[in-house]
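Novice: For reference, the sequence and a predicted model appear below.
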Amino acid sequence: MEHEDRCAYAFQNIDPTKNLQDKFLYKDGSRFENSKEKVAIDEFKFTKNNFILYKGITFNASTTIAQLQEIFPNAVQNTSIMKVYGEGELQMIQLKEGNYELYDGHINIFLKNGKLFFMQWWLPC
């Protein structure tokens with residue numbers, strides 16, 4: 001895997017080493033982690049042509065916070081503002097997974113000018 005100052009990887013081993021053949025892939029401001037035949041989203045930028053399909057719903061650069069609230073009402077209710085390097089202050093929504101007491105990784109969703117801008121998988125060290 002190419003050098004990155006990271007403490008956690010999507011495909012790390014239990015011990016928590018990583019396979020040296022693993023790598024990051026980059027496209028249009030997005031970063032993906034690749035291990036053999038698997039790919040995980042690390043950061044995803046919603047540019048003009050980039051989108052994610054989730055449960056039959058398309059999320060793209062035109063998706064509004066009102067549309068996100070229909071799908072993730074609890075998360076949107078706790079929207080905050082975060083300063084993001086190079087972007088300024090963005091609205092941020094956190095999607096938490098699983099048992100919050102056992103696992104505190106989550107997905108940060110950022111909105112710029114009221115529209116979906118990028119998302120990031122976040123896992124503490």
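Specialist: Sure, I can see it. Note that the structure is predicted; figures quoted are calculated from it, not measured.

Novice: is it true that A66 lies in a helix?
Specialist: Yes. A66 forms part of a helix when assessed by DSSP: H, G, I helix; E, B strand; the rest coil.

Novice: Please report how far it lies from E89.
Specialist: 20 Å (C-beta to C-beta, to the nearest Å). Heads up, the C-betas are built off the backbone N, CA and C, glycines and all.

Novice: what's the answer for L116, then?
Specialist: For L116, the distance to E89 - C-beta to C-beta - is 16 Å.

Novice: Between these two, point out the one with more neighbours.
Specialist: L116 (24 against 10; other C-beta atoms under 10 Å).

Novice: for the more buried one, what are its contacts?
Specialist: F46, F59, N60, A61, S62, T63, T64, L68, I109 (C-beta atoms under 8 Å, 6 or more residues apart in numbering).

Novice: number of nearby residues for the third one?
Specialist: Right, the one you point to is N60. For N60, using other C-beta under 10 Å, the count is 15.

Novice: Verify the stated contact: it with T47.
Specialist: No. Counting by C-beta atoms under 8 Å, N60 does not reach T47; the two are 9.0 Å apart.

Novice: quick one, strands of the protein?
Specialist: Using DSSP state E, the strands of the chain run over residues 23-27, 30-35, 38-45, 52-54, 57-59, 80-84, 88-96, 106-112, 115-122.

Novice: how far away is the residue nearest to F46 when sequence neighbours are not counted from M119?
Specialist: Leaving aside its chain neighbours, F46 sits nearest to A61 (4.3 Å; criterion: C-beta to C-beta, 6 or more residues apart in numbering). In this view, A61 and M119 are 12 Å apart by C-beta to C-beta.

Novice: quick one: N50 and N60 touch, right?
Specialist: Yes. Judged on C-beta under 8 Å, N50 makes contact with N60 at a distance of 7.2 Å.
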